[in-house]
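**Q** using only what follows, build the 3D model:
(one chain, ligands or ions: 1)
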Amino acid sequence: MAEPSLVASQEEPEERAVEAALRPKFLDEFVGQARVRRQLSLVLEASRLRGRTADHVLLSGPPGLGKTTLAMIIAGEMNAPLRISSGPAIQHAGDLAAILSSLSEGEVLFLDEIHRMSRPAEEMLYMAMEDFRVDIVVGKGAGATAIPLDLPPFTLVGATTRAGLLPGPLRDRFGFTGHLEFYSVEELELVLRRSAALLDLRVTSAGFTEVAGRSRGTPRIANRLLRRVRDWALVHGTEQIDARAAGAALDMYEVDARGLDRLDRSVLIALTTKFGGGPVGLSTLAIAVGEEPETVETVAEPYLVREGLMGRTPRGRIATPLAFSHLGLAVPPDAPFAAAGSEFAESATLFGPGSDEDAGSLD
Ligand SMILES: Nc1ncnc2c1ncn2[C@@H]1O[C@H](COP(=O)(O)OP(=O)(O)OP(=O)(O)O)[C@@H](O)[C@H]1O
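**A** Prediction:
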């Protein structure tokens, strides 16, 4: 198994505390996502003017882009308390009933990974969202009775990395849906500037650009890399972090200039050097790098495909010319992508970035 990587690992408790301290508290401090921010600001302002709780909000997008942060901001902006739970923690309708029945008026309920809630809980949520009411079932079998229970008005903020997995009736009950996009390098520089100020770190503009460029479009990763650069600077007695210092620190942690970590690079190296650029099946590729196919598919592949370094075709994975040049290798003349308009170039676009096609079935 791969060791935890800086770009993919879970936070330690202490790290989580620092991460929490870096969270923006108000919409104005939230960097990027201009469209979602504008729309959300309108939703909140309108509900304030009406003197009503805000409409239910669904936030979708990849991990680490700010869904939890936005839920906290919504509660803060509405001056309302916040309750946090998650889909996997709600396996029975009773779990949800317990949470809903203890909400106070106007409270914001944040349900992370809402697509992983059980079906009975989900059905209970429909009525709660629409009518602020639930039916509590008492007893079993023929003697079971449903006791209606009125709930105080509340705002549900649901977060999901897989909006497509949400059943239509649940999706339709949200008054506003915001889809979070990956951040540009410039936006990540702003996130990092704010974090550096909070951590009392001196970083040059080029230093910020260096860290931002390695952060995979994700604020959580940007902040995590900044903390590792901070450690490096402390140990090396570096008072001001410039591009060279940031680069040296992140090279040491094996995060390269494009944000690839060790696993990403070993997948690309195997694909380009052992298999001549592919096509190669997922399981063969996984054996070549000593990993489980699932790890290669879920941890390394999404970013490699998104970056245009790897393609998925019906005949297997292929390396793009960009992958060869990123590794400093010449593209072999017989590489699948070498000839423009080749069958691979065409089919790879079918399964390229943004495709929902299940890569597993392509192996
Ligand atoms: N737009 C932003 N501006 C500044 N900092 C941000 C922004 N978005 C996220 N962050 C920072 O990134 C970290 C991760 O954000 P958050 O936990 O909200 O992501 P998430 O989308 O909920 O991820 P997950 O789904 O994995 O829980 C936070 O600590 C926060 O400091």
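**Q** in three-state terms, label residue 182 for me.
**A** Here residue 182 is coil, with the state taken from DSSP: H, G, I helix; E, B strand; the rest coil.
**Q** number of nearby residues for it?
**A** Number of residues near residue 182 (other C-beta atoms under 10 Å) recorded here: 17. Where C-beta positions appear, they are placed from N, C-alpha and C, glycine not excepted.
**Q** kindly report the same for residue 204.
**A** Using other C-beta under 10 Å, residue 204 has 15 other residues around it.
**Q** any idea how far it is from the ligand?
**A** As judged by C-beta to the nearest ligand atom, to the nearest Å, residue 204 and the ligand stand 20 Å apart.
**Q** that residue contacts residue 241, doesn't it?
**A** Yes: counting by C-beta atoms under 8 Å, residue 204 does reach residue 241; the two are 6.9 Å apart.
**Q** surely residue 27 meets residue 40?
**A** Yes: here residue 27 reaches residue 40: they are 6.9 Å apart, a contact under C-beta under 8 Å.
**Q** looking at these two, which is more packed in?
**A** Each of residue 27 and residue 40 has its neighbours counted (other C-beta under 10 Å); residue 40 has more, 22 against 17.
**Q** and the strand or helix carrying the more buried one, what does it pack onto?
**A** Using DSSP states H and E, residue 40 maps to helix 34-50. For helix 34-50, the elements it packs on are strand 57-60, helix 67-77, strand 176-179, judged by 3 or more C-beta pairs under 8 Å, 6 or more residues apart in numbering; DSSP states H and E.
**Q** residues contacting the longest one, please?
**A** Outside of helix 67-77, the residues that reach it under the criterion C-beta atoms under 8 Å, 6 or more residues apart in numbering are 23-27, 30, 36, 40, 44, 54, 57, 59-61, 81-82, 84, 108, 110, 112, 155, 157, 159, 178, 180.
**Q** list the contacts for the nearest residue to residue 269 once chain neighbours are set aside?
**A** Closest residue to residue 269 apart from its sequence neighbours, by C-beta to C-beta, 6 or more residues apart in numbering: residue 327 at 6.5 Å. Counting by C-beta under 8 Å, 6+ apart, residue 327 touches 265, 268-269, 272.
**Q** on that earlier part again, show me which of the contacts of helix 67-77 are buried.
**A** Buried members of the contacts of helix 67-77, counted by 16 or more other C-beta atoms under 10 Å: 23-24, 27, 30, 36, 40, 44, 54, 57, 59-61, 82, 108, 110, 112, 155, 157, 159, 178, 180.
**Q** how far does stretch 237-247 sit from the chain's center?
**A** Computed by C-alpha atoms, centre = their mean, to the nearest Å, the chain-centroid distance of stretch 237-247 equals 28 Å.
**Q** could I get the buried residue list for that stretch?
**A** For stretch 237-247, a neighbour-count test (16+ other C-beta under 10 Å) marks 238, 241-243, 245-247 as buried.
**Q** what is the nearest of those residues to residue 173?
**A** Comparing the buried residues of stretch 237-247 against residue 173 with C-beta to C-beta picks out residue 246 as the nearest, at 45.1 Å.
**Q** quick one: contacts of the helix or strand containing the closest one?
**A** Assigned by DSSP H and E, residue 246 belongs to helix 243-252. Outside helix 243-252, the residues that touch it by C-beta under 8 Å, 6+ apart are 203-204, 206-207, 209-211, 214, 225, 228-229, 231-233, 236, 238, 241, 256-257.
**Q** what average pLDDT does stretch 276-283 get?
**A** Over the span of stretch 276-283, the pLDDT mean works out to 90.
**Q** now do the end-to-end distance for it.
**A** 17 Å (C-alpha to C-alpha, to the nearest Å).
**Q** ok, stretch 306-319 next?
**A** End-to-end distance for stretch 306-319: 13 Å, by C-alpha to C-alpha.
**Q** low-confidence ranges in the chain?
**A** The chain contains residues with pLDDT under 70 at 1-6, 8-13, 338-363.
**Q** quick one: name the residues of it near the ligand.
**A** Residues of the chain lying near the ligand by C-beta under 6 Å from any ligand atom: 19, 22-24, 30-32, 63-69, 159, 191, 219-220, 223.
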